[in-house]
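Q: predicted coordinates and the sequence they were generated for:
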Amino acid sequence: MKKLIVLVLFLMAGVSGFAQQLYVEGVALVSTNTSAYLEATPLRRTDGTYHFQIDYGQKADPKTKPGECLTDDKARRYEFRSSVDGLNFLYEHGWEVVLESTVADMRRFLLKRR
């Protein structure tokens, strides 16, 4: 019985750990390529949904589309209903807002790894 409980807990930890993975244009955000902070800029689309442009200190990659956005592992951009929806998604994946600012009429959020 103990072995079964340990196995179930191990599997649950593996699934939740997998769900914590975030990507920017298909590149995984892991501790080796990100530090404690990232900047998220919500970009409103013409259809009213939002993408989140992410700056984690990465160098510009000429092969990557401009405006490196939050994606899944296949580089498909996430669409959010609102900027709050996107911030909640980031929070659920281990990041919390520590500062909000406005630069040239664009809201930017500094997030810290929890």
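A: Nice, thanks for sending it over. Treat the numbers as computed from the prediction; the structure is a model and nothing was measured.

Q: now do the helix or strand encompassing residue 102: everything it contacts.
A: Using DSSP states H and E, residue 102 maps to strand 95-103. Contact partners of strand 95-103, identified using C-beta atoms under 8 Å, 6 or more residues apart in numbering, comprise 22, 37-38, 87, 91, 107-114. C-beta here means a position set from N, CA and C on the backbone, and glycine is covered the same way.

Q: tell me where this structure has strands.
A: If you assign secondary structure with DSSP state E, the strands in the chain sit at 23-24, 27-28, 37-44, 50-55, 70-71, 95-103, 106-113.

Q: if we can go back for a sec, which of the contacts of strand 95-103 are buried?
A: Among these, the ones that count as buried by 16 or more other C-beta atoms under 10 Å are 22, 38, 87, 108, 109, 111.

Q: isn't residue 94 right next to residue 114, touching?
A: Yes. When contacts are counted by C-beta atoms under 8 Å, residue 94 is listed as touching residue 114 (5.2 Å).

Q: ok, back up a step: want to throw the buried ones among the contacts of strand 95-103 into TSV with distance to residue 55 and pLDDT?
A: Compiled in TSV, those are given as follows (distance: C-beta to C-beta, whole Å; pLDDT from 0 to 100):
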residue	distance to residue 55	pLDDT
22	13	91
38	6	93
87	15	97
108	9	96
109	11	98
111	10	97
